[in-house]
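In: Curious how this folds, go ahead:
(2 chains)
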Amino acid sequence: MIEAVTAEAVCKRYGAVPVLEGASLAFRRGETLALLGRNGAGKTTLVKILAAALAKDGGRVAVLGWDLDRAPEQVQHLCGYVGQDSERSAYPRLTVRENLRFFGALRGLRRRQVDARIAVLAGELGFEDRLDALFGTLSGGQKQTAIIARALLHDPPVALLDEPTKGLDPVAAARVRGFLRRQVRSGMALLLTSHILGDVDALADRVALVHGGSVPVSGTPAALLGAVGAADVVEVERASLTARARARLSALATVVRVLDADPEWMGCAIRDPVAGLASILAVLQAEGLQASFRQRAVTLQDAVLEHLSALDARVAA
Amino acid sequence: MIGAALQASPTSPAPWPGLSRPAPFRRVLAATAAKNLRVARRYLPNLLGRFAQLGFRVVFFLLLAGAVAVRPAAGAAPLTGSELFAFFLSGLLLVVFIRPSLWAPMEAAAADLQSGTLEYLFATPGSRYGYLAGAVLSELALGLVGFAPLFAVMVWIARPGFAGAALMLGACALMLVALTALGVMVALLAVLWRQAGSLAEVLGVVFEMVAGAYLPVTAFPAALRWVAHALPYTWGYDLVRHYALGERWATLLPPGQEWAMIAAHAVAYTALSVHLLGRAERRAKRTGLHLL
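Out: Numbers count the residues shown, from 1 in each chain, chains lettered A, B, ... in the order given. Presented below is the predicted three-dimensional model:
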C-alpha cells in the first residue's frame, strides 16, 4: 500500500542554522498524524516542505507516490495547506466568498464547482452567515475558519494543517475537529501540528515528536502514554515541600517517575492509584507537612513532556 | 523502505484525486485582474486621487504649452501652442500606464509576501506569471480610464486620420506588452527584497524623463541619448509623436525600425520576466518566504 505522504531524511538550514537534520515520517490515507515538539523544533518547516511552500536542502518527499522534486505540481494538486499564522493571508477588502472563489481559480476550479464546495464547507464549518462579509471585518477565529476552508476547497486527499484550531473558540474548534475527523474517516490523510493537546487527543491516530531536527519518536497516543509506565499522577504543591520530602517522594518504590515540567506542582507518576497515593500521603505525614495535592490520570501532555525530557537527556549525554 | 514509493509518477492512481486542476496563465490572469479591480473599486479615494493627479498634469502641460517652445530637433522650427500640447500629450498617453503598472504589482507582491498570501500561492499549482501579470493588467485597465479621454483630445488636436490614430493605438498596445513584463519583473524585486519601492521609483523616473516623455531625446547629452535608446519607451513616445505630428516630427529611426525595436523589447522583457520568475520562486523557497 502506498503511504499518503513519506518524508525521508529531510534536511533544511536557514543560513547557517540547521532546522531539520534527517527528519523522516510517513502516514497513510484515513490516518491523522500529529506533529508535536517544542517551539522552534522544526514542525512548521517540515509542514512547509511537505506542502511545497519551502524547498528542502536534502532528503526525499513523496505524496501519494509523486516525488516532490520531480513532480512538484502534482504534489501541489493533492495537498491542502494551512500555514502557521495564515489568518491574514486572504484579501481584507474582498468578502469571504470572493476570496474563496479567487483561490479556487488558482486551483483551476470552475465557478460552479467552487460555489458548490463553498456551500458544503460553509455549512460544515459554520460560517454561512459570514460568506458575504468582508474578510477584514472578521474576528481572528472566523478568519482562521475561512482559511481552513480555503485549504480544503479543492477536496484534497492530503491535508497539511499547521495549528489549524489556533484562535478558534471551543465551539468552532469542536466543529473543525468534527469535520476533519469525518474527512479522515472518508480517506483523507491529515497531518497537523498543534500545541493544543486536546486537538491531538481528539484527532490523532499517531503522534510524532520533532526534536533536534529529526523525528525520533512516533507511535499511537496509547503507546506514548504507555511509555510513561504509570496510570495516574499525584501532584503535590512544591511550595509546601522540603528538599528532604521531595527526595523521599522521588525515592518511593510506588513512584514510577517524577514529572518536573510544572514549576508549581511536583508530579509523581504512579502505577497503582491506591497504593501509590497511600505511600505519598505516608511520606507527607511522616515529614509533618500539610501540602495540597491532587490526583489525575496520566495525559498525553505528560507523555510528550516525558519523551522530550528523555530526548534532551540523550542529547546532553 | 519508503524509497520504493518515490517515483516520478505514482505506482497506482490516487482513488481520491481531489478537484484541483491545472490553472493556466489566462485563467489566473483573468481571476487576478478581476480580483484587483474589485479591490480597487473598494478603495475609491485612491482611485479618485489617481485620476485627479492625471487631470492636474494635463492642465499643467496645457499651460506650459502656451508659455514655452520646444525645438524637436536641431535646426527645426520650434513646436508651440497646440502642436506642443500634442507633443506633451503623446508622452502622457504612455506615462498614464508607467507609474501604476510598475508600482502596483510590486506593492501587491510585497503585501502578499507580508501577509503570507504569496506563500499560499506558491503552494498551489496556479500560474505564477498569470498572478503577477494579472496585477499589472488590472492597473493597465484602470490606466485606460485616463488614457481614453487623453487619446480623444489628442486625436481632436492632432487630427492624425483613421490610419494614424490606429497606428498610434497599436504602438501604445505594443508598449503595454513590454510594460506588463516590466511590471512582473519589478514585482519580483519585492519578492526578493521585500522593500524595493525606491527602485521602482527610479525606473519610473527613467521611463518618464530619460526616455523623453517631456523633452525630445535629441536635446539630451550624448551619454543620456545612449541610455534613452536602450529603453522601449523612447521608441514608443517617438512613434506616437510621429503619427500625431506628422512631418513636424522627425523620428530617431525610420518608423518600421522603431516598431521592431518596441517588439524586440517586448519579446526580450517577456522572456526575461518568465525566466526570472522561476528563479525568484526557487530562491524565495530556498530562503523561506517568511524570512525574506
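In: Break chain A into its domains for me.
Out: According to automatic domain parsing, chain A comprises the domains A:5-218, A:229-297.
In: Buried deepest among these, which one?
Out: domain A:5-218 (a mean of 20; mean count of other Cβ atoms under 10 Å in any protein chain shown). C-betas here are computed from N, CA, C, even on glycine.
In: Distance from it to the middle of the chain?
Out: 11 Å (Cα atoms, centre = their mean, to the nearest Å).
In: Now that domain: average pLDDT?
Out: Averaged over domain A:5-218, pLDDT sits at 93.
In: Name the residues of the host helix or strand of B:Glu107 that are buried.
Out: Here B:Glu107 sits within helix B:81-115, counting by DSSP states H and E. Neighbour counts over helix B:81-115 (16 or more other Cβ atoms under 10 Å in any protein chain shown) mark B:83-110, B:112-115 as buried.
In: Now narrow those to whatever sits close to chain A.
Out: B:Ser115 (Cβ under 8 Å from any Cβ of the partner chain).
In: so which helix or strand takes in the closest residue to B:Gly81 other than its chain neighbours?
Out: Nearest residue to B:Gly81, sequence neighbours excluded (Cβ to Cβ, 6 or more residues apart in numbering or on different chains): B:Ala65, at 6.3 Å. Here B:Ala65, judged by DSSP H and E, is contained in helix B:44-67.
In: Please work out the angle formed by the directions of that helix and helix B:81-115.
Out: 150 degrees (axes from the mean of the first three to the mean of the last three Cα atoms, to 10 degrees).
In: one step back: list the contacts of the residue nearest to B:Gly81.
Out: B:Thr80, B:Gly81, B:Ser82, B:Leu84, B:Phe85, B:Phe87, B:Phe88 (Cβ atoms under 8 Å, 6 or more residues apart in numbering or on different chains).
In: so which residue of chain A comes closest to chain B?
Out: A:Gly65 (3.0 Å; Cβ to the nearest Cβ).
In: What are the phi and psi values at that residue?
Out: Backbone torsions for A:Gly65, taken as degrees, to the nearest 10, come to phi 90, psi -10.
In: again, but for A:Glu237
Out: phi -60, psi 130.
In: got the contact list for the closest residue to it other than its chain neighbours?
Out: Using Cβ to Cβ, 6+ apart and skipping residues adjacent in sequence, the residue nearest A:Glu237 is A:Ser292, 4.3 Å away. For A:Ser292, the contacting residues are A:Val236, A:Glu237, A:Ser240, by Cβ under 8 Å, 6+ apart.
In: closest to A:Gly136 among the residues you listed?
Out: A:Glu237 (46.7 Å; Cβ to Cβ).
In: For that closest one, give me its contacts.
Out: A:Glu237 neighbours (Cβ under 8 Å, 6+ apart): A:Glu264, A:Trp265, A:Met266, A:Ala291, A:Ser292, A:Phe293.
In: So which of those belong to strands?
Out: Among the contacts of A:Glu237, DSSP state E puts A:Trp265, A:Met266, A:Phe293 in strands.
In: Take these and write them to CSV, including distance to A:Ile49.
Out: Below are the ones in strands among the contacts of A:Glu237 laid out as CSV (distance: Cβ to Cβ, whole Å):
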residue, distance to A:Ile49
A:Trp265, 38
A:Met266, 40
A:Phe293, 45
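In: Just say helix, strand or coil for A:Gly226.
Out: When classified by DSSP: H, G, I helix; E, B strand; the rest coil, A:Gly226 comes out as helix.
In: and it, how many neighbours does it have?
Out: Neighbour count for A:Gly226, taken as other Cβ atoms under 10 Å in any protein chain shown: 13.
In: how much space between it and B:Leu174?
Out: 72 Å (Cβ to Cβ, to the nearest Å).
In: Any stretches of chain B with poor pLDDT?
Out: Within chain B, the ranges that satisfy pLDDT under 70 run B:1-15, B:99, B:194-197, B:290-292.
In: go again using 50 as the cut-off
Out: B:1-13 (pLDDT under 50).
In: Show me the residue at the heart of it, geometrically.
Out: The residue lying closest to the centre of chain B (Cα atoms, centre = their mean) is B:Leu179, at 2.7 Å.
In: so who does it touch?
Out: B:Leu179 neighbours (Cβ under 8 Å, 6+ apart): B:Phe97, B:Ile98, B:Ser101, B:Leu102, B:Val136, B:Leu140.
In: Identify the residue spatially nearest to the fifth one, adjacent ones excluded.
Out: Yep, that's B:Val136 we're talking about. B:Gly183 (3.6 Å).
In: Strands of chain A, start to end?
Out: A:5-14, A:17-27, A:32-36, A:58-63, A:66-67, A:79-82, A:158-162, A:189-193, A:206-211, A:214-219, A:232-237, A:255-259, A:265-270, A:293-297.
In: which strands and helices sit next to the third one?
Out: Helices and strands touching strand A:32-36, by 3 or more Cβ pairs under 8 Å, 6 or more residues apart in numbering or on different chains; DSSP states H and E, are strand A:17-27, helix A:43-50, strand A:189-193, helix A:197-203, strand A:206-211.
In: and it with strand A:158-162, angle?
Out: Going by the same axes, to 10 degrees, strand A:32-36 makes 30 degrees with strand A:158-162.
In: what's next to strand A:32-36, contact-wise?
Out: Under Cβ under 8 Å, 6+ apart, the answer for strand A:32-36 is A:25, A:27, A:43, A:46-47, A:180, A:184, A:190-194, A:199-200, A:203-210, A:215, A:218, A:304.
In: Within its sheet, name the partner strands of that strand and how each one runs.
Out: strand A:189-193 (parallel), strand A:206-211 (parallel) (DSSP bridges).
In: so what's B:Leu272 up against?
Out: B:Ala181, B:Met185.
In: Point out the residues in the stretch 101-250 of chain A that sit beside chain B.
Out: So the stretch 101-250 of chain A meets chain B at A:102-103, A:105-109, A:113, A:117, A:150, A:153-157, A:187-188 (Cβ under 8 Å from any Cβ).
In: From those, which land in helices?
Out: A:Phe102, A:Phe103, A:Ala105, A:Leu106, A:Gln113, A:Arg117, A:Arg150 (DSSP state H).
In: The last one contacts A:Tyr91, correct?
Out: No: counting by Cβ atoms under 8 Å, A:Tyr91 is not a contact partner of A:Arg150; they are 11.4 Å apart.
In: Residues that sit against both of those two, list them.
Out: In contact with both A:Arg150 and A:Tyr91: A:Asn99, using Cβ under 8 Å, 6+ apart.
In: my read is B:Phe162 is in a strand, agree?
Out: No: the assignment for B:Phe162, made by three-state DSSP, is helix rather than a strand.
In: And it, how close does it get to B:Met175?
Out: Distance from B:Phe162 to B:Met175, by Cβ to Cβ: 21 Å.
In: more neighbours, the two?
Out: Higher neighbour count among B:Phe162 and B:Met175: B:Met175, with 24 against 8, using other Cβ under 10 Å.
In: tell me the contacts of the more buried one?
Out: Here B:Met175 is in contact with B:Leu94, B:Phe97, B:Pro232, B:Tyr233, B:Gly236, B:Ile262, B:Ala266 (Cβ under 8 Å, 6+ apart).
In: Return the angle between stretch directions for the helix or strand encompassing it and helix B:81-115.
Out: Applying DSSP H and E as the criterion places B:Met175 in helix B:161-193. Taking the same axes, to 10 degrees, one finds helix B:161-193 and helix B:81-115 inclined to each other by 30 degrees.
In: Show me what counts as buried in helix B:161-193.
Out: So for helix B:161-193, counting by 16+ other Cβ under 10 Å, buried means B:164-165, B:167-169, B:171-172, B:174-192.
In: Also stretch B:41-51?
Out: B:Arg50.
In: Tell me if it is near chain A.
Out: Yes: judged by Cβ under 8 Å from any Cβ, stretch B:41-51 comes into contact with chain A through B:Arg42, B:Tyr43.
In: hmm, who's touching that stretch?
Out: A:Arg93, B:Ala40, B:Pro100, B:Leu142, B:Val145, B:Gly146.
In: Pretty sure the fifth one sits in a helix.
Out: Right, B:Val145. Yes: counting by three-state DSSP, B:Val145 is located in a helix.
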